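Engineer: Structure, please.
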Amino acid sequence: SITISSNRSGGFVRTGFDSMEVTEAFYHGDSANGQHREPGDRMAERSPTTYYLAVTAQDSSGNRNESNFTITVVDDQGPVIVPVIIHEGVELGVGSNLKSGETIVLVLNQSYDRLDALNETVWTIMVDGTVQVDSTLYQTFNGNLNIGPMVTGEHTISIQATDPAGHTSLMDLPLSVYPGEGIIFIEDPNIEVSGQTTPNQRLTVSSSILNHGSGTGTAKLCSDDKCSPEAYISPASLLGPGQTMIFLEVTPEKSGELPLVLIWSDAQSGKEMSIDLTGTIVIEDRAPTWLPPFLMVLFIVSASSIAIKRWGKQ
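Structural biologist: From the prediction side, this is the model:
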């Protein structure tokens with residue numbers, strides 16, 4: 001007869017006759033880091049879990065032979081990533097709504113490595129492909145990352161954690177950010193200009209604005225008493241912010257900063273607001289394009305005249 005015994009999971013015994021094949025899995029025990037520990041108790045380095053395995057063979061005459069083995073469970077996987085999203089001090093559950101303009105905190109202090117100290121693990125965190133934490137030791141940022149203000153749309157927080165042995169874990173955390181109430185501008189308006197920025201030259205000034213709110217309204221660009229036609233401010237959706245383009249044609253009469261202001265009104269509240277954009281476009285006095293060639297011709301003529309007077313015609 002053949003008997004195989006171990007202290008795994010409270011102990012097990014397998015028996016057979018003549019020949020025997022057994023397949024068993026051995027896992028990390030309570031001595032390793034895991035969710036059976038409180039978050040603050042998961043950060044330390046731990047010793048590997050060990051089990052004994054005894055194989056006993058006995059023939060029909062009662063002759064007995066026993067072999068004993070020690071099984072050590074190694075860690076060949078990356079850290080276990082346990083992300084938590086905090087908003088205004090409250091942990092958000094699955095399916096919680098985030099509004100545009102809000103700031104969140106990514107907390108990773110419930111994460112752990114089964115054997116290595118959490119402070120010795122290296123982390124990379126990206127939001128929509130933009131690196132926020134780049135190959136940084138956990139102890140450097142303490143597992144906390146402020147993210148925001150969030151903009152309307154679908155987002156992905158990508159988390160990568162690597163232990164000292166080079167084992168890596170990856171996790172993508174999706175987030176849905178819904179439009180907030182009213183008109184919400186997070187980014188500064190984008191201003192572009194077409195034409196020569198010199199006095200008495202006609203310019204076309206264009207502005208792109210992104211509304212991260214659910215509200216609608218109208219907007220216009222003004223330079224002194226010259227204003228563009230009013231443009232409709234479209235609402236945001238889960239696909240992203242609502243975009244509005246505004247065009248203003250203006251002919252500046254003097255050099256310096258072009259007076260420019262964006263004025264918009266909220267259809268729901270009836271309020272009118274503005275952003276001063278003066279300084280984004282500067283009108284400069286420039287020499288006419290024909291002047292440099294004219295000066296060169298004048299120099300050549302003057303030089304020739306001086307030469308003729310000094311040396312005479314040859």
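
Engineer: which parts of stretch 33-44 are buried?
Structural biologist: By 16 or more other CB atoms under 10 Å, the buried positions in stretch 33-44 come out as N33, P39, R42, M43. Quick note: C-beta positions are derived from backbone N, CA and C, even for glycine.

Engineer: Contact partners for the last one?
Structural biologist: Listed by CB atoms under 8 Å, 6 or more residues apart in numbering, the contact partners of M43 are N33, Y112, A117, L118, N119.

Engineer: Specify the beta-bridge partners of the residue most central in space within the chain.
Structural biologist: In the chain, the centroid-proximal residue (CA atoms, centre = their mean) is V127; its distance is 2.0 Å. Going by DSSP bridges, V127 is paired in beta bridges with T130, I157.

Engineer: re the thing from before, need the buried ones from the contacts of M43 selected in PyMOL.
Structural biologist: Applying 16+ other CB under 10 Å to those, the buried members can be selected in PyMOL as follows:
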select buried, resi 33+112+117+118
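
Engineer: just to revisit the earlier point, kindly reformat the buried residues of stretch 33-44 as JSON lines containing secondary structure and pLDDT.
Structural biologist: Listed next are these as JSON lines, based on DSSP: H, G, I helix; E, B strand; the rest coil; pLDDT from 0 to 100:
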{"residue": "N33", "secondary structure": "coil", "pLDDT": "94"}
{"residue": "P39", "secondary structure": "helix", "pLDDT": "91"}
{"residue": "R42", "secondary structure": "coil", "pLDDT": "92"}
{"residue": "M43", "secondary structure": "coil", "pLDDT": "93"}
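
Engineer: Of those residues, which is the nearest to E91?
Structural biologist: Nearest to E91 out of the buried residues of stretch 33-44 is P39 (CB to CB; 12.4 Å).

Engineer: what's the spacing between the residue nearest to the closest one when sequence neighbours are not counted and G29?
Structural biologist: Computed as CB to CB, 6 or more residues apart in numbering, the closest residue to P39 that is not its neighbour in sequence is Q110, at 4.6 Å. Separation of Q110 from G29 (CB to CB, to the nearest Å): 20 Å.

Engineer: same question, H167
Structural biologist: According to CB to CB, H167 stands 19 Å off from G29.

Engineer: Pretty sure I104 sits against M150.
Structural biologist: Yes: using CB atoms under 8 Å, I104 is in contact with M150, at 6.6 Å.

Engineer: what's the overlap in contacts for the two?
Structural biologist: With CB under 8 Å, 6+ apart as the test, I104 and M150 both reach L98.

Engineer: More neighbours: which of the two?
Structural biologist: M150 (23 against 20; other CB atoms under 10 Å).

Engineer: Could I get the contacting residues of D163?
Structural biologist: Residues near D163 by CB under 8 Å, 6+ apart: D75, G78, P79, D113, D116, E120, T121.

Engineer: Adding neighbour count, write these out as JSON lines.
Structural biologist: Below are the contacts of D163 laid out as JSON lines (neighbours: other CB atoms under 10 Å):
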{"residue": "D75", "neighbour count": "19"}
{"residue": "G78", "neighbour count": "20"}
{"residue": "P79", "neighbour count": "27"}
{"residue": "D113", "neighbour count": "29"}
{"residue": "D116", "neighbour count": "21"}
{"residue": "E120", "neighbour count": "16"}
{"residue": "T121", "neighbour count": "27"}
